[in-house]
Every structure is written in structure tokens, then in C-alpha cells.
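In: Sequence first, then the predicted structure, then my questions.
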Amino acid sequence: MGRLRRGKKERAQADASAARATAAAEARKKSLYKPERPPEKPIDPAWPPHRVRLMDRLWGMGHSLPGGDEYILEQFRVFSPSSAMSMLQVNAGMGGDGRSLALNFGTWVTSIEVSDPLVESGMKESYKHGLEKKAPVISFNPERMKVRPNGFDVVFSRLGLHRLPDKEKTIEQMCAGVKPAGHLLLIEFMPGDKPDPGALEHWAENEPSRPHLIPGPRLAELIRAEDMDLRVVQDVSPDYRKMVMQGFATLMAGLKKKHLQEDRELGVALMREAEIWMRRLALMDSGVLKIVRFHAIAPASKRKKKKPPELS
């Protein structure tokens, strides 16, 4: 009887072991199964993959704007950035400016951007540096833009506003997001001192995404209407001309023929980007287009805006 019971016990153990082995095999099969990928978002025609890849080589890793780390650090030292500060950049490209500030000063910078390819590339770079929380790059819809009131020490945009059509709403939200005694910084394309509507229209038709320019006096008016003290309005076109030429010179110095042979799309993107910037620089040289820096400071005690009376 004892041997019989032992036999039953051994068979039960063997059956249980076989069942576990079968379950493990099924689990392995399931782990190897790859479900169908969800449909990918349409590629942004203004930012095809090869143009996004070119940005790293042209302006510096993770940057989509001229100047790279050196320029952004120089511009922001005036704000005495620190780990106690938080900033917001509107239409930030790949968020390279924010990562530079986070890495060098410990500042918390939220970068919001309308183009999904730039958001994806920028967020990958933030993860790479462990900055997914300190310097995230987030997609946003400008039509539903809502900035946290009094949430940031500095709110800024660098060559990003011309891609947003509704300047009034954008400026209103950016100013609302500035803390009392905080800063607003805008660096943007706008019509130059020698207006030429025909030249600007031709330029707009050949830009990757159609620009929506606003004259300098009108932008200043919108900023002041939000109870901001506009301290600086400065033409920085010469600085950008220098940075653009330096970026292309550095890229070409390190680019070999085999690189273009191995990556033909990179060569196409390079030629296209050179055309874009040479056209912009030509208009700046002729006075038709310029890049202007605006710096405004919020009052130490911000007043709540009065709502207009409802019509009965």
C-alpha cells in the first residue's frame, strides 16, 4: 500500500511538472508573439526623418535651431538660472534649449512642440540624458493651448512663434504663465525695415511650413496689453547670420564624401536646408526680414484680467 501511495504521488508530481512545462512553453510562445503595430501618424511634410537627422549634425545633438548649447547658455545667464527655477519653451523643436539649461544649471524646463517628429526625437534625447522629467518635450495643440497660470519663472520661444497662426492667444497664454516678477523672452522672425510683401510671400511659399509673421510694433502691443513691462526690443539678425554660417561651415568641414554616398537622404536634406537658410539670410541682408529679441518682465504683483461683461 505504501508503494502504491508513493507511485500515485510520484505520478501526480510528474503530471504537475509536465503541466508547468506546458504552461512555460505557452508563455514563451506568447512572449514571442508580436501584435500588429498601431497605424503610424502621418509624417509631418515639414519635418521628414532625414531632415530631423540632419539637425543633430548641423546645430548640435538634440538641437533644431542655430546656436546650440553655447548660444542658449549665453542668452539665459542674465536670468541666473538654477535648480529652483522652472521654465516653459513654446514650439521648442527637439527641446535642445531646455536640455542645455537642465544639464548646466539644473533648471526644470518644459518644452512644448506642435510637430510630432520633433517631439519624438526630442523626448528620446531627454531619456538618453535622464531628463525625461526635468526637460520633457511634449506635444501640444495651439488651438487648445492652456498654460498653467503663474507657473514659470521664464516663458520663452525661439524661432517658434512664426509657425503658430494665432499670435493673440499664444501671447496671452505665455504671459499668463509667467510668475510675478518673472520673464518673457521671444526671439522671432518678423518683417524687416524695408517691407516687400511680394518678396515675403514668395519666401513664405518656399518655407517648409508656411510662416505667419507679425510686425514688431504689433507684437510689442500684444505684450504690453498683458500688463508686461517690455524692456528690450533688439534686432539680433547679425547674430543669427553668424551662427547659421558657422553651423554649415562646421558641418561641411566634418562631412566626407562617403557619408553622403552612404546616406543619400542626408545629402538631399542638407541641400534643402542650405536653400532654406540662404533664402532667409538674403532677405535679412536686404532688410525685408529680420530676427528680433523681445524681453519683458511681469509685475511683482500680477493683476487678474477683468472679464468683459456678458451681453444680455
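Out: Structure's in. What do you need? Predicted model, so just to flag it, every value in this text is computed and none were measured.
In: check which helix or strand covers K169.
Out: K169 is part of helix 167-176 when elements are defined by DSSP states H and E.
In: H295 is in contact with M228, correct?
Out: No. Between M228 and H295 there is no contact, the gap being 9.9 Å when judged by CB atoms under 8 Å. Every C-beta, even on glycine, is put in place using the N, C-alpha and C of the backbone.
In: re earlier: tell me the helices and strands packed up against the helix holding K169.
Out: Applying 3 or more CB pairs under 8 Å, 6 or more residues apart in numbering; DSSP states H and E, one finds that helix 167-176 contacts strand 86-90, strand 152-158, helix 216-225.
In: With respect to I112, which of these lies nearest?
Out: Ranking the helices and strands packed on helix 167-176 by proximity to I112 (CB to CB) places strand 86-90 first, at 5.9 Å.
In: Direction included, what does the closest one pair up with?
Out: Under the criterion DSSP bridges, strand 86-90 sits next to strand 108-113 (parallel), strand 152-158 (parallel) in its sheet.
In: which of the residues in the helix holding K169 are buried?
Out: By 16 or more other CB atoms under 10 Å, the buried positions in helix 167-176 come out as K167, T170, I171, E172, Q173, M174, C175, A176.
In: Compute the inter-axis angle for the helix or strand that that helix is followed by and strand 86-90.
Out: Using DSSP H and E, the helix or strand that follows helix 167-176 in sequence is strand 178-191. Going by axes from the mean of the first three to the mean of the last three CA atoms, to 10 degrees, strand 178-191 is angled at 30 degrees with respect to strand 86-90.
In: buried ones in strand 178-191?
Out: Using 16+ other CB under 10 Å as the test for burial, strand 178-191 gives V178, K179, G182, H183, L184, L185, L186, I187, E188, F189, M190, P191.
In: Verify the contact between the third one and V155 for me.
Out: Yes. Under the criterion of CB under 8 Å, G182 makes contact with V155 at 7.4 Å.
In: Spatially nearest residue to P45, not counting backbone neighbours?
Out: Computed as CB to CB, 6 or more residues apart in numbering, the closest residue to P45 that is not its neighbour in sequence is P208, at 7.6 Å.
In: With M123 instead?
Out: Nearest to M123 is V137, by CB to CB, 6+ apart, at 4.7 Å.
In: Please apply the same query to N206.
Out: Of all residues not flanking N206 in the chain, R279 sits nearest, at 6.5 Å (CB to CB, 6+ apart).
In: what's the angle from the helix or strand hosting the one you found to strand 178-191?
Out: Here R279, judged by DSSP H and E, is contained in helix 264-285. If you take the same axes, to 10 degrees, helix 264-285 sits at 90 degrees to strand 178-191.
In: got a list of contacts for helix 264-285?
Out: Applying CB atoms under 8 Å, 6 or more residues apart in numbering, the contact partners of helix 264-285 are 48-51, 53-54, 57-58, 189, 192, 199-200, 203, 206-208, 237, 240-241, 244, 248, 251, 255, 259-260, 289-291.
In: joint contacts of M228 and H295?
Out: L184.
In: Between these two, which is the more surrounded one?
Out: M228 (24 against 21; other CB atoms under 10 Å).
In: returning to that earlier point: tell me the confidence at the residue nearest to N206?
Out: For R279, the model assigns a pLDDT of 97.
In: coming back round to it: in CSV: the strands paired with strand 86-90, plus distance to L213, mean pLDDT and mean neighbour count.
Out: Converted to CSV, the strands paired with strand 86-90 look like this (distance: least, CB to CB, whole Å; pLDDT from 0 to 100; neighbours: other CB atoms under 10 Å):
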stretch, distance to L213, mean pLDDT, mean neighbour count
strand 108-113, 20, 97, 25
strand 152-158, 14, 98, 24
